[in-house]
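Visitor: What follows is a predicted protein model with its sequence.
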Amino acid sequence: MGAHNAHYETAGTRERRPDHVTIAAKFDRYARFYQRTAKDIVGGAWLWSIRWNYDTDPYRDPLPPILLVFNEIGARSARTQIRNIAALTRHHWEGQPDREGAFHSYRGKIPIVATRLDLLRKHGPHGPVFWRFGRKHREDLWSAVGNPREEATLRQRAQAHRERQAQENGSRRGRRRSARRGARPARGADRS
C-alpha cells in the first residue's frame, strides 16, 4: 500500500505520518466521492451508483462497503492499526440507534469492514473473520456488510403490522355483519 512512506508537514518540518492516519484520511475522500452526483442523469444519481449495484430500497441508502485486510508484518500490530483507524473514522461509519433501540441505522454511513490475513487463511473467506467497525464481534462477510439486526427487526415489525391490519379488518367485518343483522327485522317478528 505504501502508506508507511507517507509524510506530512507540521510547522515547516517534515514528519513521518503514521499508517493509520494515512489510511483514515482516505475515508474523507471516499465520503466526498459518495456525495458526488452524475450530471448527465436526470435527477442527479449518485456517481458511485452508476458503477456498483445496490439495494434500491429508499429507506436503506446503502453505500458500497470498504474492506481492509491487514497482514501482521513488521513492528505495527494489525489489531492496533484496525482499532486506530476505527477511532479516527468513527464519524464515517457510526450508526444511530432507531427510536426503539432495537438496531442501529447506518443510513448515509460507510460500511467499513476489516480483517487480518492470518484469519482469512485459518477460517477462509466464508468464516467469521470480518469485523464491521462499531460491532463487538467478528462475522461472516454478508453479516458484516449488512445489518442483520435491522433486517430482522424490520421484518418483525412488518409482520406485526400485517397481523394488526388483519385483526382490524376482521373486527370491521364483524361490526358490519352485526350492523346488517341489527338493521333487518328478526325472523318471525311482527311485520305490521
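Guide: The structure has been received and is ready for your questions.
Visitor: So which residue is smack in the middle of this protein?
Guide: The C-alpha lying nearest the average C-alpha coordinate of the chain belongs to residue 106 (Cα atoms, centre = their mean; 4.3 Å).
Visitor: residue contacts, the closest residue to that residue other than its chain neighbours?
Guide: Excluding the flanking residues, the one nearest residue 106 by Cβ to Cβ, 6 or more residues apart in numbering is residue 95, at 4.2 Å. For every residue, glycine as well, the C-beta is placed using N, CA and C. Shown in contact with residue 95 (Cβ atoms under 8 Å, 6 or more residues apart in numbering): 104-106, 109, 134.
Visitor: Who are the packing partners of the top helix by length along the chain?
Guide: When the chain is scanned for its longest helix (criterion: DSSP state H), the result is helix 148-183. Helix 148-183 sits against strand 104-105, with contacts defined as 3 or more Cβ pairs under 8 Å, 6 or more residues apart in numbering; DSSP states H and E.
Visitor: distance of residue 93 from residue 132?
Guide: The gap separating residue 93 from residue 132 is 8 Å, by Cβ to Cβ, to the nearest Å.
Visitor: meant to ask about residue 172
Guide: For residue 172, the distance to residue 132 equals 45 Å [Cβ to Cβ].
Visitor: and those two? which has more neighbours close in?
Guide: A count of neighbours by other Cβ atoms under 10 Å puts residue 132 above the other of residue 172 and residue 132, at 23 against 10.
Visitor: Mind pulling up the pLDDT for the more buried one?
Guide: With respect to pLDDT, residue 132 has a value of 92.
Visitor: doesn't residue 109 make contact with it?
Guide: No: checked against Cβ atoms under 8 Å, the pair residue 132 and residue 109 is beyond contact range at 10.8 Å.
Visitor: quick one, strands of this structure?
Guide: Under the criterion DSSP state E, strands of the chain are mapped to 7-10, 13-16, 66-70, 96-97, 104-105, 112-116, 131-132.
Visitor: Which residue is the nearest non-sequential neighbour of residue 86?
Guide: Leaving aside its chain neighbours, residue 86 sits nearest to residue 133 (4.5 Å; criterion: Cβ to Cβ, 6+ apart).
Visitor: residue contacts, that neighbour?
Guide: Counting by Cβ under 8 Å, 6+ apart, residue 133 touches 86, 89-90, 93, 112-114.
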